[in-house]
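# The sequence and its predicted three-dimensional model are supplied below.
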Amino acid sequence: MALLNRDCDYEKVKEDYFSHIYGENWKEVEAYLAEISELFEFSYMAGEKGEDNSIGIRYSPSRVANLNKIKEVAARGRALAEKNISMPVRVQTVSMRLLYRHAEYCELLADMMIELALGNKEEAKTKWEKLRDDFGVYEYELERYYDHYLAIQTFHMILNK
């Protein structure tokens with residue numbers, strides 16, 4: 001909505017969207033997603049903020065502290081989803097179940113990214129394989145919302161840059 005109408009109230013649109021999808025606890029969910037996004041940091045994930053490109057475009061030991069925080073934040077997200085796993089509206093129930101899986105995915109991804117940030121490409125590959133195998137079991141459950149093949153191919157490219 002905000003993309004198509006510059007005059008709309010972004011905060012009202014955000015509230016409308018999140019409250020319909022996540023119910024009365026939408027602010028907690030929005031805060032969780034914002035924190036996870038901040039910890040992963042898009043420009044770092046895109047390979048634009050490495051500290052030594054001769055080691056790797058995602059080599060950045062100074063980011064490890066933030067990447068380590070992801071597990072703690074994801075645990076809070078999972079607890080929030082568990083607490084609200086059966087909502088009165090079906091779309092909210094589905095959204096909370098996806099949020100639960102999202103937290104698990106973030107933990108596995110953080111493990112891989114920590115190794116890349118430390119310059120441990122072989123260990124990062126091992127963590128990528130764990131993400132591929134462990135999260136792949138949910139492919140049928142999530143296929144409507146998540147493309148496991150595409151994600152794994154993307155991470156494969158990340159590992160080989």
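All right, it came through fine.

# what's the burial count for Leu4?
6 (other Cβ atoms under 10 Å). Just so you know, the C-beta spots here come from the backbone N, C-alpha and C atoms, and that holds for glycine as well.

# A helix includes it, no?
No. Leu4: not assigned to a helix; according to DSSP: H, G, I helix; E, B strand; the rest coil it is coil.

# For it, give its distance to Val13.
Leu4 is 10 Å from Val13, where distance means Cβ to Cβ, to the nearest Å.

# Same question for Lys69.
Distance from Lys69 to Val13, by Cβ to Cβ: 29 Å.

# can you check Val137 too?
Separation of Val137 from Val13 (Cβ to Cβ): 36 Å.

# so Gly77 sits right up against Glu104, yeah?
No. Using Cβ atoms under 8 Å, Gly77 is not in contact with Glu104; the gap is 9.4 Å.

# which of Val137 and Val13 has more neighbours?
Set side by side, Val137 and Val13 show more neighbours around Val13, with 13 against 9, by other Cβ under 10 Å.

# Next SSE downstream of the one helix or strand the more buried one maps to?
Here Val13 sits within helix 10-22, counting by DSSP states H and E. Following helix 10-22 in sequence order, the next helix or strand is helix 26-40 (DSSP H and E).

# quick one: average pLDDT of that following helix?
Helix 26-40 shows a mean pLDDT of 97.

# residues of it that come out buried?
Trp26, Glu28, Val29, Glu30, Tyr32, Leu33, Glu35, Ile36, Leu39, Phe40 (16 or more other Cβ atoms under 10 Å).

# Let me see the contact set for Leu99.
Residues in contact with Leu99 (Cβ atoms under 8 Å, 6 or more residues apart in numbering) are Tyr22, Val29, Tyr32, Gly77, Leu80, Ala81.
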